[in-house]
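# Predicted model and sequence below, questions to follow.
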Amino acid sequence: MSTEEIWGYHQDAGYQKGIDLVGYKVEATDGSIGKIDKHSEDVGASHVVVDTGVWIFGKHVLLPAGTIKRIDTVEEKVYVDRSKEQIKNAPEFDQAKYGGGPTYLEQFARYYNQPHM
């Protein structure tokens, strides 16, 4: 997966522009990891920020749109192609640094472009 592909939704994921994913539950390949707290449709930088709650002590993690396999608008769930462990080990999302632009997102692109485990 190239860096560009990771920041866009897969054609078969069921994403529709304008849909509000905030509040949707997030399912990793091996179970639930939390709820979507923020959602961005920025071209070339689409992503969701997940509040993992007590699962990993309230950490917020950024998941690029390319990690989303499927969106179920009826169940309000987003299914991602990463394990709970991979998400737990992801860099923590920092709202204050996020405004810094594309260079901030590079750390996430590097992390998520790792081969699937």
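That came in fine, so what should we check first?
# what residues does the longest strand along the chain touch?
Longest strand in the chain by number of residues (criterion: DSSP state E): strand 31-40. Residues outside strand 31-40 that contact it (C-beta atoms under 8 Å, 6 or more residues apart in numbering): 20-27, 46-53, 55, 60, 78, 84, 87. Just so you know, the C-beta spots here come from the backbone N, C-alpha and C atoms, and that holds for glycine as well.
# Those residues in helices, which ones?
Counting by DSSP state H, the contacts of strand 31-40 place 84, 87 in helices.
# Report the buried members of the contacts of strand 31-40.
By neighbour count, with 16 or more other C-beta atoms under 10 Å, the contacts of strand 31-40 hold 21, 24-27, 46-52, 55, 60, 78, 84, 87 as buried.
# re earlier: parallel or antiparallel, list what pairs with the longest strand of the chain.
Strand pairing for strand 31-40, using DSSP bridges, gives strand 25-28 (antiparallel), strand 47-51 (antiparallel).
# now these in CSV, with distance to residue 103 and mean pLDDT?
Below are those laid out as CSV (distance: least, C-beta to C-beta, whole Å; pLDDT from 0 to 100):
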stretch, distance to residue 103, mean pLDDT
strand 25-28, 26, 96
strand 47-51, 15, 94
